[in-house]
Structures are given as C-alpha cells and as structure tokens.
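Student: Could you work out the structure for the sequence below:
(chains A and B)
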Amino acid sequence: MGKKAAPVRVIVSLVVIAIIAVGFATNAGIGTISAFGWSDISLLCPLGALGTMLASKLLVPRALIALVIAVVLIIIFGRAFCAWACPVPLLQRLRNIFKKPESKTEGLPTPGGEAPLVKEPLSANGSDAPEALVADAVVMEAREAKDAKKEAACPGNCGSCAEKRSKIDSRHFILGGSLLSAAVFGFPVFCLVCPIGLSFALILLVMRLFGGGDVTWSLVIVPLVLFVELVLFRKWCSKLCPLSAFMSLLGLLNKTFKPRIDDSRCIETAQGASCGICGKVCPEGIDPRHPELSEAGMNECTKCRECAVSCPTKALTLPLLPKK
Amino acid sequence: MKDPFKNDEPDELQDDAMREASQGEETPDAHKAAVPLAAPAAMPGTEEKKPLVSRRSFVLGIGGVAVLGGIGAVRYVAPHAPLVRPPGGQDEERLVSACIRCQKCYEICPRDVIRPAHIEDGVVTMQTPTFDFSRSFCDWCEEGNGGVPLCVSVCPTLALELPAGATPENTILGKAALNKDWCLAYKLIGCRFCYDACPYEAMGLDDNGRPYVIDDSCNGCGACESVCVSLQNGSISAGAIDRAIVIHPLDEQGNIVYPAYFGRKEATNG
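Tutor: Got it, this is the predicted structure:
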C-alpha cells in the first residue's frame, strides 16, 4: 500500500516541463505543448489546430496531419494527457500547499482534476501491510461518513452527485464556444486564456525576465488569469477545459488501457466483502467495480493508475488490450 | 492598464454576456432565474427523462462561452497598434488569425531576435512573435539556415508564411527612423555605427558625416538599431528613453507608425 501513482505522474509532468524549458533556453525548436516536437515537426494541440484553421479559413496541411495523429493518440490513450503531461494538475497541487495538514485525513475523492489529494491518507500511514490496511479502514470509514453527510445535505434532485455525469457537460459548451469564437472573431480566442498555454507563457516570461530583463505587465496578468482559472475555479479540468471535453468525446472510442478487474482476486468478488477502494480513489469519479455507481463514464478515464496502485489485492490492472 | 479577460466596453450585448457569465460562475443559485432550455427535468415529481445537460452545466457552459465572446470582441473593440513582425508575418490579419502562440518561432530563431509580444502591445496579440533588436537583427537566417528564415519553416499553422518571390529586399518588416534629438552623431560625436552596420545600403552620411535613413532601401532588418550606442552607459543622451535609431512598424497603408514618445516628426529621417 505504500505505492503511489501520483508522484510518478508529477515527475513525468515535471520532466515534460523541463524539456520545454530547455527548448526555451536553446534554439532546438521543441516548442510548448501547443506544438510539441522538433524543429519543423510539431504535434499541434488538436484544439489549436482546429481553432487556427477555423479562424484563418485556411486548410493547413501540417495542422490537419497533427490533428489526425492527435485523434489517434487520444483513441489509444484516452485522456492520459490530462494525468501524465498536462501542467494544470501540477499547478492545482500548489493549492494544497496552503491547506492545513489535518484536512489531509478527510481527503475526499472529488470528481474533478484533484487527483493528488486522494492518495495522501492511504499512503501516509507507512508501508507495513496489516497496519496500513487497518489505517485504511479507518480512512474508509471516515470517508463513508463524509459521503453519507454529503448525500444528506443534498436535496436529492440535483442530479449531479448521485447520478451518472452526463456525457455532455459545461466543458463541451466551452469546446463548442472556443471553436465558434475562433470562427466568428477570426483568431483562436481560447488560446489566449488556455491555462496550458499560459503556464508555459509564464515560464517563458520568467526566463526572459531574469535572462534578458524583459519586464512586462504580462508577468502580472498571466499569473492572475491562471489563479482565477485554477484556484477560483477549482474544477477547471472537469467543468471547463475544452481539451478535456474533446478527449472525453474521443474517449468514447477508447478500448485500450481500460481498468480490468481480476474477479478471482478482487475482495468483493472473491471474498464477498465490501471494498470499493478503486472507485473511491478515482479522481474522475469512475467506479471500475461498480460502473453503475460511477459519476462519470469510462471515457473520462485519465489512465492515472490510482485505482490499480491502491487496489489492496492488486486485482486491478490497466492492460493494453481488453479481455476477449 | 487593461485587463484582457474582462471586457469593460459599454457594449450592450457584451454587458449582457458578462452578466450572464458572472452569474454562472459566482452564484450557483442564479440559474433559477433564467435558463429555460435545460430546466424542466429538474422539477421534483415530474417523471421525465434526465436532461442532456444539467442546469448548472448549462449555465457554466454558456457563461464560459460568453467570456470567450467578450475576449474575441476585443479584437474589434480595441484594435492593437501594428508591430514589427518576423518575415512572413507582414499580413497582420493572417498572423493574428493563425498564430496559436506556441513559441516555436521564438525558440528556433538562431539570432534570438524574436520575442513574444507583451500584453502592452495589445491583448489579442499577446505572445505572438515580434522583434527585439536590442542585441541582434534579422538576417533572414543567412548565417543560420542559408537564407531561408527558420521561423517561417517551423511555423505549424502558416501564421508566418512568405508569399512567392519574397526576398529580404522586398519584404518590409518595418522602417528605421533616426531621432536626431538622441543621435550622438547629431551632437557631432562622429558616431556612424548604424551606417556601417546596414546590410542593405539604406543609410547615408550627410556632409557633416551624420547618418540618415534612405527610406526606400530600408527593409527594417534591425541591424542599425542593434548597434546603436546612444542609450548605452556613458553615451546616453539627455531624456532619451529609446535608442536613437529604431525600427518602427508600418500600418496597412505603409506609413511608419511612430511610438507616442517620438514627438517631433521633423526630427526623424534625414
């Protein structure tokens, strides 16, 4: 139980940022995530590719090719980008620094992008298996109580907590809006406020500030916009991000790397006991054991592996291909 | 100082949009007021199918779209002043339309003369490529890539795209303008760095050995600006806030657009 998926993801995202920062400092032409690649070869952000073609009313061959590749990658890996490469969850982790330590023990898995919080209570209790299991049980109880409280507080007809999250939500409006605004106003409007783009813009602004004395109000405005987007709107990823919406739609076609439960090892099926940890730790609100209880469809899976690493009997895997 | 993400223009339509946006974002109860589309199924007791979109999602989504609309309108409400653009970016409309601010051109530039535009340069144009000639100039990658601009070849969205037959001589990035108030040569110090640096024979010397710009030959490469010492330690002219020779962008009619500080027009080109 000592294992965590979150630190691995953090390291991977940090490596991505480091590679891009090296690109800023050199003339390699690596680009940001908006156009990641090497020199002339770029894997464009699919939203950027669509936006720029809609805005400039041009068919851009490189953007089209990049779009097709991006679509194929999303169909293979689902929303893995969100968990493994996107800098936004990293920035959202910064929010946790300011939280009081005791709030860790009530780290409820929220169906947002807040994966990082979730694993803390499970792993904070050391690596000794039996002890950890007891501690986990305590945590689980606390969580269940919290869940019950949450449900009691809910009038019952809000439809957002108990029921499955609809396939279409506010993100999809933003997705439509960003494509529409690009076409109407003739420039990729969303690119201006995209927190992924702004994260790298901020890194570049800071590098230029110290590297070349480039002083600009952007250094104030960009962090401010990021703050509004990611701190005031805590659920940017699951409620507003159009890229997440794009991937969740294509994720409906995703058949690979899906959580698979080995029934002969799962506590619920093999021992008839209740467990539900995999569903509780999922930052997206997916319950791999009880899909009917999931708040979100499997298309929202970010392949973050939280469910796999927290499964007490290691019954859950994310295999390349689904079982025949 | 303008906040790019709030539009405070007295535009009625936009005002509405912003109000709606703030409703969606700040007050979760506000959705009771409006939103006819997604509302009915939330009524308790009525046995209806689950709505495609929850009310909250609908409000939040529409709010977000309205904010995007507000930002988009900035392009027309508060158009930005022209900027000196890298080769292939002379069609301002096209550059702003196609650029996704990926910073590839910035990175690849072997002389490091491209810089991302500041928010002061215009909200809509923020992070798009412009020039910083303080240390070097644009040689069309003569040294770095045999005369084929790398910024153009790496641009993945055709935001920087040279028209057929474009050459350094016929692609006007901007025009140099010399400010006689700040120029050391006009204080009879005998400086002629800009004259010596110009690769396009666009500088001349008058009878007193003072440089002037030959407008018709200048393509705005920035060589003169990059070597101008008028703002350097020990030689700074009183009141100078920029170098004495600076590349200025052209507007759509091809006229030089001077910055606000460039007060005296007669003190510019020889």
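Student: For the chain, just list every one of the helices.
Tutor: No chain specified, so I'll use chain A. Here chain A has its helices, by DSSP state H, at A:6-25, A:46-56, A:61-77, A:80-84, A:87-97, A:115-123, A:129-153, A:170-185, A:189-193, A:195-212, A:218-227, A:242-250, A:277-281, A:306-310.
Student: ah, I was thinking of chain B
Tutor: B:12-26, B:55-77, B:92-98, B:104-108, B:142-145, B:150-154, B:193-197, B:223-227.
Student: Rounded mean pLDDT for the fifth one, please.
Tutor: Which is helix B:142-145. The pLDDT scores in helix B:142-145 average 89.
Student: can you tell me which residue is nearest the centre of chain A?
Tutor: The centroid of chain A falls nearest to residue A:82 when counting by CA atoms, centre = their mean (3.5 Å).
Student: sorry, back to before: any chance of the helices of chain A in a markdown table with distance to chain B and mean pLDDT as columns?
Tutor: Using the backbone N, CA and C atoms, a C-beta is placed for each residue, glycine as well. Listed next are the helices of chain A as a markdown table, based on distance: least, CB to the nearest CB, whole Å; pLDDT from 0 to 100:
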| stretch | distance to chain B | mean pLDDT |
| --- | --- | --- |
| helix A:6-25 | 5 | 92 |
| helix A:46-56 | 4 | 95 |
| helix A:61-77 | 5 | 95 |
| helix A:80-84 | 16 | 95 |
| helix A:87-97 | 14 | 86 |
| helix A:115-123 | 21 | 41 |
| helix A:129-153 | 14 | 47 |
| helix A:170-185 | 2 | 94 |
| helix A:189-193 | 4 | 94 |
| helix A:195-212 | 6 | 94 |
| helix A:218-227 | 4 | 95 |
| helix A:242-250 | 9 | 95 |
| helix A:277-281 | 21 | 92 |
| helix A:306-310 | 25 | 93 |
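Student: Which one of the ones you listed lies nearest to residue B:157?
Tutor: Ranking the helices of chain A by proximity to residue B:157 (CB to CB) places helix A:46-56 first, at 4.3 Å.
Student: so what does that closest one touch, helix or strand wise?
Tutor: Packing partners of helix A:46-56 (3 or more CB pairs under 8 Å, 6 or more residues apart in numbering or on different chains; DSSP states H and E): helix A:61-77, helix A:170-185, helix A:189-193, helix A:242-250, helix B:92-98.
Student: Dump the helices of chain A into a markdown table; add distance to residue B:64 as well.
Tutor: Formatted as a markdown table, those follow (distance: least, CB to CB, whole Å):
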| stretch | distance to residue B:64 |
| --- | --- |
| helix A:6-25 | 25 |
| helix A:46-56 | 14 |
| helix A:61-77 | 22 |
| helix A:80-84 | 18 |
| helix A:87-97 | 16 |
| helix A:115-123 | 23 |
| helix A:129-153 | 26 |
| helix A:170-185 | 4 |
| helix A:189-193 | 10 |
| helix A:195-212 | 13 |
| helix A:218-227 | 14 |
| helix A:242-250 | 9 |
| helix A:277-281 | 29 |
| helix A:306-310 | 28 |
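Student: Tell me which of those lies nearest to residue A:297.
Tutor: helix A:242-250 (8.0 Å).
Student: any residues touching that closest one, and which ones?
Tutor: A:45-47, A:71, A:74-75, A:78-79, A:81-82, A:167, A:169, A:171-172, A:174-175, A:177-178, A:190, A:194, A:196, A:237-238, A:297, A:299-300 (CB atoms under 8 Å, 6 or more residues apart in numbering or on different chains).
Student: Run the angle between that helix and helix B:55-77 for me.
Tutor: 130 degrees (axes from the mean of the first three to the mean of the last three CA atoms, to 10 degrees).
Student: Between helix A:46-56 and helix A:242-250, find me the angle.
Tutor: Going by the same axes, to 10 degrees, helix A:242-250 makes 110 degrees with helix A:46-56.
Student: how far out from the middle of the chain is helix A:242-250?
Tutor: 11 Å (CA atoms, centre = their mean, to the nearest Å).
Student: buried stuff in that helix?
Tutor: A:242, A:243, A:244, A:245, A:246, A:247, A:248, A:249, A:250 (16 or more other CB atoms under 10 Å in any protein chain shown).
Student: repeat for stretch B:198-217
Tutor: For stretch B:198-217, burial by neighbour count (16+ other CB under 10 Å) applies to B:198, B:202, B:203, B:210, B:211, B:212, B:213.
Student: what do you get for stretch B:120-133?
Tutor: By 16+ other CB under 10 Å, the buried positions in stretch B:120-133 come out as B:121-133.
Student: now stretch A:269-289
Tutor: Here stretch A:269-289 shows A:275-289 as buried, counting by 16+ other CB under 10 Å.
Student: Name the residues that touch stretch A:207-216?
Tutor: A:21, A:24, A:25, A:205, A:219, B:115, B:116, B:118, B:119, B:120, B:132.
Student: Please name the nearest non-neighbouring residue to the first one.
Tutor: I take that to be residue A:21. residue A:203 (5.9 Å; CB to CB, 6 or more residues apart in numbering or on different chains).
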